[in-house]
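>>> Make a model of this:
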Amino acid sequence: MTKKYVLAIDQGTTSSRAILFTHEGTIHSVGQLEHDQIFPQAGWVEHNPEQIWNNVREAVGIALTRGNATHEDIAAVGITNQRETAVVWDKTTGKPVYNAIVWQDTRTQKIVDELGGDDGPEKYKDIVGLPLATYFSGPKVKWILDNVDGAREAAERGDLLFGNTDTWVLWNMTGGPEGGVHVTDVTNASRTMLMNIDSLTWNEDIANDMGIPMSMLPEIRSSSEVYGHGRSRGMVPGVPIAGILGDQQAATFGQACFEVGTAKNTYGTGNFMLLNTGTEPVRSENGLLTTVCYKIGDQPAVYALEGSIAVTGSLVQWLRDNLGMFDDAPDIEHLARKVDDNGGAYFVPAFSGLFAPHWRSDARGALVGLTRYVNKNHIARAALEATAFQTREVLDAMNADSGVPLKELKVDGGMVSNELLMQFQADILDVEVVRPKVAETTALGAAYAAGIAVGFWEGEQDVRDNWAEGGRWKPTIEPEERDRQYRLWKKAVTKTLDWVDDDVK
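Below you'll find the model as predicted:
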């Protein structure tokens, strides 16, 4: 039987999706389920790993049913995932010892400070490409081992396993306690603060600093190879699971950013811009991260500079869920279009501190410039503009690091359907913004990685051939107005700093 599809599992921050893709790179069917966002206290963000795994299984079942397909129609499975979200579980029972600690969580700040000591946030940066920050997985694992009764003893006995959610899903799909494969790929490993960015191997010294036994760590493999085969519990028995890419790297792959100097920006819970820098890692001097972009089988790893923004789409969710400003996220564009500008209001959503290029965990969100004139429509517009302004900060840092100004920006993710935002993004960047026809590039990238591993696609050229432009926005704003608005944005950012005092838990 000729295989018709590749299945992508996109285990994201707010939901888990399963998507069947055709050989042309188009969507055949989708299953999607949201999981709970757990906030035990201010700054803490958790997910239930068992709920995530159950949702993944159900989403796969939905996608197969809606697509009138079975596992026999699937050539391979690719996994993409929310990066830096740490799961620790018992390898015998398959039960997590604690909820997954999400990438947005800031509880590990004191651990990060202690690890940095006199060397500060740059302590490990030359080795791992990352500053010491609450964002990354390693300190989260240390927190679990330090704070969950019996966890450290179990870890030292060799009973506990760690992984980002890619590893958790793969382990369960390939058998769980009954022979599950404990593997991650280079892109996810590069987000833990535990992997040497040059050798692509775990750094035992840093693991020791964090008190993490090496036995907990998954094997590091490429982004495109057969890791194992599905078992019946994963709904795809016998199907090779052959691709893993962290969500932002998957989107970069799906956008066909294979040449040095090409870049994409994903608009999701947060925003993440990646610039392909080739087969040599580039150390940032301007607040960006050095990360692995992808590695196809035995080919050399390709690296990227990344600008990570914590809060963009989640600000829209916050306005919807916490303030009740509208019922559905897309409604924000309707409100924002009722006014011509932001009325002088600037929204800096530093809910989890500020990520790139500032790396200020002491920052907190601020809405500034308010007058009696400002109404909810202005606030809606300011929230959208915050996404574009934060992206401008990252683009400026990327241009400074690369020395080559970006000519156009490929975009993807849920917010790119917002035409007002895309036009303002082009205006404030002064570059053209390009949206692909298939906006689900994160899942598509994981599908391509898996499909290439099993010969469903020949290689990167098939990805290029399938990519097609779906929309383009050109700058229309006057330079003086662009500069004025950006100046005020940067002024607003200064109002968010130094908010968290030493006595904050």
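
>>> Hmm, residue 86 is touching residue 140, no?
Yes - at 3.9 Å, residue 86 counts as touching residue 140 under the criterion of Cβ atoms under 8 Å. In this view, the C-beta of every residue, glycine as well, is placed from N, C-alpha and C.

>>> got any residues that touch both of those two?
residue 101 (Cβ atoms under 8 Å, 6 or more residues apart in numbering).

>>> buried ones in the longest helix anywhere in the chain?
Across the chain, the helix with the greatest residue count (assigned by DSSP state H) is helix 376-402. For helix 376-402, the neighbour count (16 or more other Cβ atoms under 10 Å) marks 377-398, 401-402 as buried.

>>> burial of residue 116, as a residue count?
Under the neighbour criterion other Cβ atoms under 10 Å, residue 116 is assigned a count of 16.

>>> How is it assigned, secondary-structure-wise?
Here residue 116 is recorded as helix under DSSP: H, G, I helix; E, B strand; the rest coil.

>>> measure it to residue 29 for me?
47 Å (Cβ to Cβ, to the nearest Å).

>>> now do residue 144
Separation of residue 144 from residue 29 (Cβ to Cβ) stands at 37 Å.

>>> Give me the more crowded residue out of those two.
residue 144 (24 against 18).

>>> If you count contacts, what does the helix or strand where the more buried one lies end up packed against?
Residue 144 belongs to helix 137-147 when elements are defined using DSSP states H and E. With contacts taken as 3 or more Cβ pairs under 8 Å, 6 or more residues apart in numbering; DSSP states H and E, helix 137-147 sits against strand 86-90, strand 100-101, helix 109-116, helix 151-156, strand 160-164.

>>> try 10 Å this time
Helix 137-147 is packed against strand 86-90, strand 100-101, helix 109-116, helix 151-156, strand 160-164, helix 204-209, with contacts defined by 3 or more Cβ pairs under 10 Å, 6 or more residues apart in numbering; DSSP states H and E.

>>> what mean pLDDT does it have?
Mean pLDDT, helix 137-147: 96.

>>> Next: stretch 253-271.
Here the average pLDDT along stretch 253-271 is 90.

>>> Likewise for stretch 429-441?
Here the average pLDDT along stretch 429-441 is 90.

>>> centre of the chain versus that stretch, how much separation?
17 Å (Cα atoms, centre = their mean, to the nearest Å).

>>> What of stretch 301-314?
Distance, centroid of stretch 301-314 to centroid of chain: 7 Å (Cα atoms, centre = their mean).

>>> ok, now stretch 311-319?
15 Å.

>>> And stretch 256-269, by the same measure?
13 Å.

>>> what do you get for stretch 361-369?
22 Å.

>>> do the same with stretch 123-141
Counting by Cα atoms, centre = their mean, stretch 123-141 comes out at 16 Å from the chain centroid.

>>> Start and end of that stretch, how far apart?
19 Å (Cα to Cα, to the nearest Å).

>>> tell me which residues of that stretch are tucked away?
Here stretch 123-141 shows 123-125, 127-141 as buried, counting by 16+ other Cβ under 10 Å.

>>> Stretch 325-337 now?
325-326, 329, 332-333, 335-336.

>>> Convert the C-alpha atoms of that stretch to PDB, please.
Extracted in PDB, the C-alpha atoms of stretch 325-337 (Å, rounded to 0.1, in the frame of the first residue of the first chain):
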ATOM      1  CA  MET A 325     -12.700  42.500  26.800                       C
ATOM      2  CA  PHE A 326     -14.000  40.200  24.100                       C
ATOM      3  CA  ASP A 327     -15.200  36.600  23.700                       C
ATOM      4  CA  ASP A 328     -12.900  35.300  20.900                       C
ATOM      5  CA  ALA A 329      -9.300  36.100  20.300                       C
ATOM      6  CA  PRO A 330      -9.800  37.200  16.700                       C
ATOM      7  CA  ASP A 331     -12.200  39.900  18.000                       C
ATOM      8  CA  ILE A 332      -9.300  42.000  19.100                       C
ATOM      9  CA  GLU A 333      -8.700  43.100  15.500                       C
ATOM     10  CA  HIS A 334     -12.300  44.300  15.300                       C
ATOM     11  CA  LEU A 335     -11.800  46.500  18.400                       C
ATOM     12  CA  ALA A 336      -8.500  47.800  17.300                       C
ATOM     13  CA  ARG A 337      -9.800  48.900  13.900                       C
END
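
>>> Low-confidence stretches in the protein?
1, 502-505 (pLDDT under 70).

>>> Kindly provide the distance from the residue lying farthest from the centre of it to residue 378.
For the chain, the largest distance from the centre (Cα atoms, centre = their mean) belongs to residue 372, which lies 37.9 Å off. Separation of residue 372 from residue 378 (Cβ to Cβ): 11 Å.

>>> now do residue 420
13 Å.

>>> shared neighbours of those two, anything?
residue 336 (Cβ atoms under 10 Å, 6 or more residues apart in numbering).

>>> Give the bridge partners for residue 185, please.
residue 221 (DSSP bridges).

>>> And residue 347, by the same measure?
residue 367.

>>> contacting residues for it?
Contact analysis of residue 347 by Cβ under 10 Å, 6+ apart lists 311, 315, 319, 365-369, 378-387, 389, 489, 492.

>>> For residue 358, the count of nearby residues, please.
17.

>>> would it count as being in a helix?
No - remark: residue 358 does not belong to a helix; assigned using three-state DSSP, it is coil.

>>> residue ranges for the helices of the stretch 401-505 of the chain, please.
Listed in chain order, the helices of the stretch 401-505 of the chain (DSSP state H, counting those that start in this stretch) span 419-429, 441-454, 460-466, 479-494.

>>> what would those look like in JSON lines with mean neighbour count and distance to residue 52?
Listed next are the helices of the stretch 401-505 of the chain as JSON lines, based on neighbours: other Cβ atoms under 10 Å; distance: least, Cβ to Cβ, whole Å:
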{"stretch": "helix 419-429", "mean neighbour count": "21", "distance to residue 52": "29"}
{"stretch": "helix 441-454", "mean neighbour count": "30", "distance to residue 52": "16"}
{"stretch": "helix 460-466", "mean neighbour count": "16", "distance to residue 52": "28"}
{"stretch": "helix 479-494", "mean neighbour count": "15", "distance to residue 52": "34"}
